[in-house]
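>>> here is my input; please provide its structure:
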Amino acid sequence: MENKIWDVVIIGGGPSGYTAAIYTARAMLSTLVISGTAAGGQLMNTTEVENFPGFSRGIMGPDLMIEMMEQAKRFGAILENENVTKVELEGEIKKIFVGEREILAKTVIVSTGAGSKMLNVGEEKLIGRGVSMCAVCDAAFFRGKNTFVVGGGDAAIEDAMALSKFASEVNLVVRREELRASKIMQERVKNNPKVKIVWNSEVTRVLGNDKLHSIELKNSKTQEIKSLSAEGLFLAIGHFPNTKLFEGQLELDEKGFLLTAMNGGLMLDNWIEGYPTQTTVDGVFGAGDVVDFKYKQAVTAAGMGCQAALDVEKYLTGTVSGY
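Numbering: from 1, shown residues only. The predicted model follows:
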């Protein structure tokens, strides 16, 4: 396949990338998904997904991703768990590099998703040694230990709930006096006797050599700083779009999200031509959390993957009907 020119290369997996692959492959377009070494996106780090349509009793996040992967492969998509190292997107034929290997494509769908935000107070050197961004993945390693979760959204509460099954103590550190999480998630954590909510507080320092030893908490009202013993620290403070690979080639907003005709407000010509998910470069489209700065749901990511795939099909055939 060295000289093959793919109809579409999808960079990134997750709900948007795999949904796009299902649609493009089913449309008989040659489709390559380069999903990265951490294939599957953020749903690989979740437990039960209750709000994805079609699963009345819920489904485990990794299971949902495996189903999407298998469905894409069923229609002929080729999946590679490799990391893209460089792209050259201008011109009729796009170039995608995996190390020294060059891959050619007529179109590209960017679905690289988002990464976890860090506090940058010393925790970065202790990742995997007491500090984690995925309690669902690592909770079992903290059986009987004193743990802290930072954040006030749904992800933080899910982490706290997962840890409560194993840890001796779970402290949910929240910067404000209220949670940002959905009401149903708030009720769950407030009714869990093993979770203590630490209001108006933030982690200002993370200490440890070979492993996490302690953290410093600052109360935003009293300015008091406490040093507390900690055996586990889990960060759930949000995500940033994975667009570094495309800096200087595709237009991004001030927060790094990929601009398309649909969300950018700058490319009316592309909207009129019928390609709402196209970026500032012809033949390059965007979908999922790398574009979505607002909703950030698995179902909206999947929907955007569908939209991008339909736009690719119309782009390659030169038609714009159906919009």
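>>> so where's the chain shaky on pLDDT?
Of all residues in the chain, those with pLDDT under 70 make up the ranges 1-2, 45-47, 264-273, 320-323.
>>> contact partners of the top strand by length along the chain?
With secondary structure taken from DSSP state E, the chain has its longest strand at strand 101-110. With CB atoms under 8 Å, 6 or more residues apart in numbering as the test, strand 101-110 has contacts from 3-12, 17, 20, 24, 32, 34, 87, 89, 92-97, 243, 246, 250, 258, 279, 283-287, 290, 305, 308-309, 312, 315-316. To be clear about C-beta, it is placed using only N, CA and C from the backbone, and glycine gets the same treatment.
>>> 7 Å instead, please
Contacts with strand 101-110, where a contact means CB atoms under 7 Å, 6 or more residues apart in numbering, come from 5-12, 20, 32, 89, 93-96, 246, 258, 283-287, 290, 308, 312, 315-316.
>>> one more: stretch 220-233?
123, 130-131, 142, 145-148, 167, 175, 200-202, 204, 206, 212, 214-218.
>>> of those, buried ones?
Burial by neighbour count, judged by 16 or more other CB atoms under 10 Å, picks out 123, 130-131, 142, 145, 147-148, 167, 175, 201-202, 206, 212, 215-218 from the contacts of stretch 220-233.
>>> among those, which are located in strands?
Using DSSP E, these in strands are V131, T147, F148, S201, E202, V206, L212, I215, E216, L217, K218.
>>> as a markdown table, those with distance to G113 would be great.
Formatted as a markdown table, those follow (distance: CB to CB, whole Å):
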| residue | distance to G113 |
| --- | --- |
| V131 | 21 |
| T147 | 26 |
| F148 | 26 |
| S201 | 30 |
| E202 | 26 |
| V206 | 26 |
| L212 | 27 |
| I215 | 28 |
| E216 | 32 |
| L217 | 31 |
| K218 | 32 |
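>>> between these, which is nearest K183?
S201 (22.6 Å; CB to CB).
>>> which ones are touching the closest one?
S201 touches V173, V174, R175, L217, K218, N219, S220, counting by CB under 7 Å, 6+ apart.
>>> switch to 6 Å and redo it
Neighbour list for S201: V173, L217, N219 [criterion: CB atoms under 6 Å, 6 or more residues apart in numbering].
>>> before we move on, what about G115?
F240, N242.
>>> show me what counts as buried in the longest strand of the chain.
Result for strand 101-110 [16+ other CB under 10 Å]: buried residues I103, A105, K106, T107, V108, I109, V110.
>>> which strand residues bridge the first one?
Read it as I103. I96 (DSSP bridges).
>>> repeat for S214
L207, S229.
>>> quick one: it from R205, how far?
9 Å (CB to CB, to the nearest Å).
>>> next one: V49
According to CB to CB, V49 and R205 sit 35 Å apart.
>>> if you count surrounding residues, which of these two has more?
Neighbours were counted for V49 and for R205 using other CB atoms under 10 Å; V49 has more, 18 against 15.
>>> hang on, isn't that one packed against P62?
No - here V49 does not reach P62: they are 9.8 Å apart, not a contact under CB atoms under 6 Å.
>>> sec struct for the residue nearest to A72 when sequence neighbours are not counted, please.
In space, not counting the residues next to it along the chain, A72 is nearest to A21; the distance is 3.9 Å by CB to CB, 6 or more residues apart in numbering. Put simply, A21 is helix when judged by DSSP: H, G, I helix; E, B strand; the rest coil.
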